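Enquirer: Could you work out the structure for the sequence below:
(chains A and B)
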Amino acid sequence: MKKYMAFFRLRFLMGLQYRAAALAGIVTQFFWGAMNILMYHAFYESDPSAFPMTMEATATYIWLQQALLMLFAAWMIEHEIFDDILSGNVAYTLCRPVSVYDMWFFRSMANRLSRAVLRCAPILLTAVFLPKGYGMSLPASWLHFALFLLTGVLGFLVTVAFFMLVYALTFYTISPNGLRILISSVVEFFAGAVIPLPFFPDRVREVFELLPFAAMQNVPLRVYSASMSGGEMTRAIALQVFWLITLVFAGKLLIGMALRRMSVQGG
Amino acid sequence: MKKIQNAAKLYLHYVSVNIRCAMQYKASLLLTIMGQLLVSFSTFLGIHFMFMRFHSVKGYSYQEVIACFAIVLLQFSIAEMFARGFDMFSGIVRKGEFDRVLLRPRGLILQVLGAKFEITRVGRMLQAIVIFLYAFSHGVVDWTAMRVLTLLIMLVSGALLFAALFLIYASLCFFTLEGLEFMNVLTDGGREYGKYPIDVYGKRLLQFSTYAVPYALVQYYPLQYLLGRSGNVLYMLCPLGVGIFLLAAYGLWRVGLRHYTSCGS
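Expert: Numbers count the residues shown, from 1 in each chain, chains lettered A, B, ... in the order given. Prediction:
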């Protein structure tokens, strides 16, 4: 565990170096959030009774989503891992006395976390001071905040674990580029990144909520603004734990299988 | 006249080389086209599901909104297909390839445009056309010769507007070498949020996109005429204002060009 933590620290500090990229990211995310909120306002004005969450909860959802984008974004895939697999450099990782799965898991965590840390504060701080209905509100209670942290960590781990499956699949295909765009747009849609899951018709939402994608950003963002009831929260957390265990297990299995039949040519 | 013919011939040759090149990796090409299609399809589904809950937004019906979405998607895809070379310009400058471009006795813009013809956008265009036909089969537009003309003007001017934004993005590379990521807000953001008629976002945004970056000139105003919400012919002619924006973008390109110093390698 100690070696993975050291590796995590190294990657994390490396990620913190990209400050100019973070600044551009903050501008983009801020604009994205503002436009989304203006759009939801227009829908709210045309029919407030059809709104599944309060406007404040929706605005909070959107700002949190933009601030924590890097933790959950489906397009935040490690290019280095892809390159390692395609170029055969993965052989060096195999020589080391570490598990490939754990190593990559920690690497993804560190990269996502460092980017999120750089970006979240300015966005959240500005959003808090925006007028009500446009800005971010404080959590509904301390309990909700604690649960937000718990579900946030779980959702983050589920996201990382899911993309480990994608890396594993890369061992089996030669052209991961198309696959990558395909998977990330599917994930974004089902995870509630395009529109939050409560905005879907109830029947559709009930199915979506069972999928692993709903265990990613959907749960923490909705828990924070108290747009889930107590029963729903318990069920959502149970599903998060279930998916985390399943995905990690499946990922370890797939990578294990891939490594057994892998051959690296020359070098 | 001969000169233009010659340039067109050269451009077509560039295009054919690009297509043949992409065709070498058929599976990858197909997957990329599919992926591109899915990205914009999920945006469409987002609109679709929002309208299962709400029946109108700012007085626009579902069909009117998806017609708007399809038009903007088509404008953007056309621009990306032809002007993607500008989008990849930072790479050309950084690798020193621009020196080679300067040495050739041909127009610079022609060469940069020819560097990349993005065939993978056909998936998106096809999707836009299908959505378009669906919306119009529900009688959103009361077709007249003037409205057909309006639609054509919208497509051409919209594609030119996005191409102008790509050109600005490329011109800034002369100063920074790196592509400036915040420009994505203007290009991708224009496509992503152009899915709704701009007045949905409020008055101030409408003003911004009339006078600063003229999205509204190719979307909101002509759309009013197309959908029969206004009979004012001036609305139909609004897209011509993009010409000024294009000229400004070209001016920036010329300034950048004079500023260019090779970065070697």
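Enquirer: which residue packs closest to residue A:237, ignoring adjacent ones?
Expert: residue A:151 (6.2 Å; C-beta to C-beta, 6 or more residues apart in numbering or on different chains). For the C-beta atoms, the positions are set from N, CA and C on the backbone; glycine is no exception.
Enquirer: Burial check on the one you found, number of neighbours?
Expert: 25 (other C-beta atoms under 10 Å in any protein chain shown).
Enquirer: Mind checking what secondary structure it has?
Expert: Put simply, residue A:151 is helix when judged by DSSP: H, G, I helix; E, B strand; the rest coil.
Enquirer: Was I right to think it contacts residue A:223?
Expert: Yes. Contact criterion C-beta atoms under 8 Å: residue A:151 and residue A:223 qualify, at 5.2 Å.
Enquirer: Overlap in contacts, those two.
Expert: Common neighbours of residue A:151 and residue A:223, using C-beta atoms under 8 Å, 6 or more residues apart in numbering or on different chains, are A:233, A:236.
Enquirer: ok, back up a step: how much space between the residue nearest to residue A:237 and residue B:78?
Expert: Counting by C-beta to C-beta, to the nearest Å, the separation of residue A:151 from residue B:78 is 43 Å.
Enquirer: One more: residue B:258?
Expert: Taken as C-beta to C-beta, the span from residue B:258 to residue B:78 is 30 Å.
Enquirer: Name the residue in these two with the higher neighbour count.
Expert: Each of residue B:258 and residue B:78 has its neighbours counted (other C-beta under 10 Å); residue B:78 has more, 21 against 8.
Enquirer: which residues touch the residue nearest to residue A:237?
Expert: A:219-220, A:223, A:233, A:236-237, A:240.
Enquirer: what is the rounded mean pLDDT of the helix or strand hosting residue B:8?
Expert: Under the criterion of DSSP states H and E, residue B:8 resides in helix B:2-23. Taken as a whole, helix B:2-23 has an average pLDDT of 90.
Enquirer: Can you dump the C-alpha atoms of that helix in PDB for me?
Expert: Output of helix B:2-23 as PDB, limited to C-alpha atoms (Å, rounded to 0.1, in the frame of the first residue of the first chain):
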ATOM      1  CA  LYS B   2      -8.100  31.100 -64.500                       C
ATOM      2  CA  LYS B   3      -6.400  31.600 -61.100                       C
ATOM      3  CA  ILE B   4      -9.600  30.800 -59.200                       C
ATOM      4  CA  GLN B   5     -10.200  27.700 -61.300                       C
ATOM      5  CA  ASN B   6      -6.600  26.600 -60.600                       C
ATOM      6  CA  ALA B   7      -7.000  27.100 -56.900                       C
ATOM      7  CA  ALA B   8     -10.300  25.200 -56.900                       C
ATOM      8  CA  LYS B   9      -8.600  22.300 -58.700                       C
ATOM      9  CA  LEU B  10      -5.800  22.200 -56.200                       C
ATOM     10  CA  TYR B  11      -8.300  22.300 -53.300                       C
ATOM     11  CA  LEU B  12     -10.200  19.400 -54.700                       C
ATOM     12  CA  HIS B  13      -7.000  17.500 -55.000                       C
ATOM     13  CA  TYR B  14      -6.200  18.200 -51.300                       C
ATOM     14  CA  VAL B  15      -9.700  17.000 -50.400                       C
ATOM     15  CA  SER B  16      -9.300  13.800 -52.400                       C
ATOM     16  CA  VAL B  17      -5.900  13.100 -50.800                       C
ATOM     17  CA  ASN B  18      -7.500  13.600 -47.300                       C
ATOM     18  CA  ILE B  19     -10.400  11.300 -48.000                       C
ATOM     19  CA  ARG B  20      -8.200   8.600 -49.500                       C
ATOM     20  CA  CYS B  21      -5.900   8.900 -46.500                       C
ATOM     21  CA  ALA B  22      -8.800   8.500 -44.000                       C
ATOM     22  CA  MET B  23     -10.100   5.500 -46.000                       C
END
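Enquirer: Can you tell me what sits against it?
Expert: B:29, B:106-107, B:110, B:113-117, B:119-120.
Enquirer: could you dump these to TSV with distance to residue A:108?
Expert: Shown next, in TSV, are the contacts of helix B:2-23 (distance: C-beta to C-beta, whole Å):
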residue	distance to residue A:108
B:29	29
B:106	46
B:107	46
B:110	43
B:113	38
B:114	39
B:115	34
B:116	31
B:117	35
B:119	33
B:120	28
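Enquirer: and which of those is nearest chain A?
Expert: Nearest to chain A, judged by C-beta to the nearest C-beta, of the contacts of helix B:2-23 is residue B:29 at 8.2 Å.
Enquirer: List the contacts of that closest one.
Expert: With contact set as C-beta under 8 Å, 6+ apart, residue B:29 has these partners: B:22-23, B:119-120.
Enquirer: give me phi/psi at residue B:227?
Expert: Backbone torsions of residue B:227, given as degrees, to the nearest 10, read phi -80, psi 0.
Enquirer: Near the closest residue in space to it that isn't next to it in sequence, how many other residues are there?
Expert: Nearest residue to residue B:227, sequence neighbours excluded (C-beta to C-beta, 6+ apart): residue B:64, at 5.8 Å. Close neighbours of residue B:64, defined as other C-beta under 10 Å, add up to 22.
Enquirer: list the contacts for residue B:64?
Expert: B:135, B:140, B:197, B:227.
Enquirer: mind putting those in JSON lines, neighbour count and pLDDT included?
Expert: Formatted as JSON lines, these follow (neighbours: other C-beta atoms under 10 Å in any protein chain shown; pLDDT from 0 to 100):
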{"residue": "B:135", "neighbour count": "22", "pLDDT": "88"}
{"residue": "B:140", "neighbour count": "20", "pLDDT": "82"}
{"residue": "B:197", "neighbour count": "27", "pLDDT": "94"}
{"residue": "B:227", "neighbour count": "20", "pLDDT": "91"}
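Enquirer: what residues are up against the closest residue to chain B within the stretch 151-267 of chain A?
Expert: In the stretch 151-267 of chain A, the residue that lies nearest chain B is residue A:178 (2.3 Å; C-beta to the nearest C-beta). Contact analysis of residue A:178 by C-beta under 8 Å, 6+ apart lists B:27-28, B:30-32, B:34-35.
Enquirer: tell me which element it falls in.
Expert: With DSSP H and E as criterion, residue A:178 is part of helix A:176-191.
Enquirer: Mind checking what helix or strand follows that helix in sequence?
Expert: For helix A:176-191, the following helix or strand on the C-terminal side (DSSP H and E) is helix A:202-208.
Enquirer: elements contacting whatever helix or strand comes next after that following helix?
Expert: Heading C-terminal from helix A:202-208, the first helix or strand you meet, by DSSP H and E, is helix A:218-224. If you count contacts as 3 or more C-beta pairs under 8 Å, 6 or more residues apart in numbering or on different chains; DSSP states H and E, helix A:218-224 packs onto helix A:55-67, helix A:142-170, helix A:230-261.
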